[in-house]
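Q: no sequence for this one, just the structure:
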Ligand SMILES: NC(=O)c1ccc[n+]([C@@H]2O[C@H](COP(=O)([O-])OP(=O)(O)OC[C@H]3O[C@@H](n4cnc5c(N)ncnc54)[C@H](OP(=O)(O)O)[C@@H]3O)[C@@H](O)[C@H]2O)c1
């Protein structure tokens, strides 16, 4: 016997990727419902070799469904996730709405799988921000060995992290640069994204940082250890899929770069590609469609007693969203619901 699974936001980037990954990983599905807004009613989406027709999230009855993977943004999540949870359907949510709620576990299965048992307080589990998910997969095994004191991270985030309209904006602006008769003014972003980089993701906060930067700080503390200090600069770059991060780590204990490389090679969810030669590192286009978080450029930071630098790349629609959500569904099934 398998699970009755709902995908809310099935017409979006993350929703479609969740369907792909459920099929690829042969998640034990008995029945699946795909939901979106009323305007997408009847839109077809693919699940393995099947074609499914989307239903309206607004009128859907969650009673009798085991779990609902939500990828609809915070406003729609606020309206519909509690309905699912009250109906007894466990929500695995991709938005930021519940991530900082003390009664909702925030889970990256390679890092804090034990947190799944906290799901029952609200019947909701939160999925972290895409830039946090890949970073904590890399940090946790190093923290276990040498205790991280401080992290300085700069991100290079792809446009797919802003949804399907942002992908269109980069595509249309790129074409318009070669065909200047068309003008494609910024709409999703505040400035031109084609052939440019924008040091601004999510809203500005009072201290001058952005909400995306704050999320990396707050979520790393909740998932790994509240004592870790994080400072982040989050930048949008003209890449379709795949987030990259330059991470500087200061440890309490000395950690040699070779030992760090060995630790990361053995760590779950990580693929080390670090050859110290031309092309001996991973770039975002190479990580698209992959499950792993790729680590390259591991090296000592000679300006610190106990410091390392590394380069971390992952498919933001996968580890940053859909894959992590499906891994949480697998964890919930294995540890709690025990069907399939
Ligand atoms: N992309 C990433 O890297 C990433 C990473 C982590 C988390 N997330 C989060 O995942 C969520 C979805 O992101 P995305 O990139 O997939 O966005 P997207 O491509 O814009 O898709 C949004 C989806 O939500 C549906 N939706 C929106 N408002 C709705 C409403 N009121 N009622 C019903 N359905 C509604 C849309 O349906 P229609 O097609 O009918 O409009 C669509 O299926 C967001 O919360 C985002 O923050 C994304």
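A: Arrived safely, thanks for sending. Computed from a prediction, not measured in an experiment: that's the story for all the values here. Numbering: from 1, shown residues only.

Q: switch to C-alpha atoms for all contacts and neighbour counts from now on
A: Noted.

Q: In which helix or strand does the closest residue to residue 306 other than its chain neighbours reside?
A: Of all residues not flanking residue 306 in the chain, residue 254 sits nearest, at 4.8 Å (C-alpha to C-alpha, 6 or more residues apart in numbering). For residue 254, there is no host helix or strand (DSSP states H and E).

Q: residues touching residue 254, list them.
A: Contact analysis of residue 254 by C-alpha atoms under 8 Å, 6 or more residues apart in numbering lists 146, 305-307.

Q: That one and the ligand: what is the separation?
A: 33 Å (C-alpha to the nearest ligand atom, to the nearest Å).

Q: and if you look at residue 200?
A: Noted for residue 200: a distance of 15 Å to the ligand, by C-alpha to the nearest ligand atom.

Q: likewise residue 25?
A: Residue 25 is 20 Å from the ligand, by C-alpha to the nearest ligand atom.

Q: and that residue, what does it touch?
A: Here residue 25 is in contact with no residue (C-alpha under 8 Å, 6+ apart).

Q: show me where the stretch 51-200 of the chain has strands.
A: Using DSSP state E, counting those that start in this stretch, the strands of the stretch 51-200 of the chain run over residues 55-56, 67-70, 90-93, 124-126, 148-157.

Q: Let me see the mean pLDDT of the shortest one.
A: I take that to be strand 55-56. Mean per-residue pLDDT for strand 55-56: 98.

Q: can you offset everything so residue one is 45?
A: Sure, I'll start numbering at 45, so the last one becomes strand 99-100.

Q: so what strands line up beside that strand?
A: Using DSSP bridges, strand 99-100 pairs in its sheet with strand 73-80 (parallel).

Q: The very next helix or strand once past the strand it pairs with and the ligand, are they touching?
A: Counting by DSSP H and E, the next helix or strand C-terminal to strand 73-80 is strand 88-91. No - using C-alpha under 6 Å from any ligand atom, strand 88-91 stays clear of the ligand, with a minimum separation of 10.4 Å.

Q: cool, stretch 275-285 as well?
A: No - on the criterion C-alpha under 6 Å from any ligand atom, stretch 275-285 is out of touch with the ligand, staying 8.3 Å away.

Q: Run a quick neighbour tally on residue 320.
A: The local packing of residue 320 (other C-alpha atoms under 10 Å) involves 12 other residues.

Q: In contact with the residue nearest to it when sequence neighbours are not counted: list those residues for me.
A: Computed as C-alpha to C-alpha, 6+ apart, the closest residue to residue 320 that is not its neighbour in sequence is residue 341, at 7.2 Å. Shown in contact with residue 341 (C-alpha under 8 Å, 6+ apart): 318, 320, 325, 353-355.

Q: which SS state does residue 341 fall under?
A: Taken by DSSP: H, G, I helix; E, B strand; the rest coil, the conformation at residue 341 corresponds to strand.

Q: distance of it from residue 154?
A: 22 Å (C-alpha to C-alpha, to the nearest Å).

Q: Flag every buried residue along stretch 232-244.
A: Residues 232-233, 236-238, 241-242, 244 are the ones in stretch 232-244 that count as buried (16 or more other C-alpha atoms under 10 Å).
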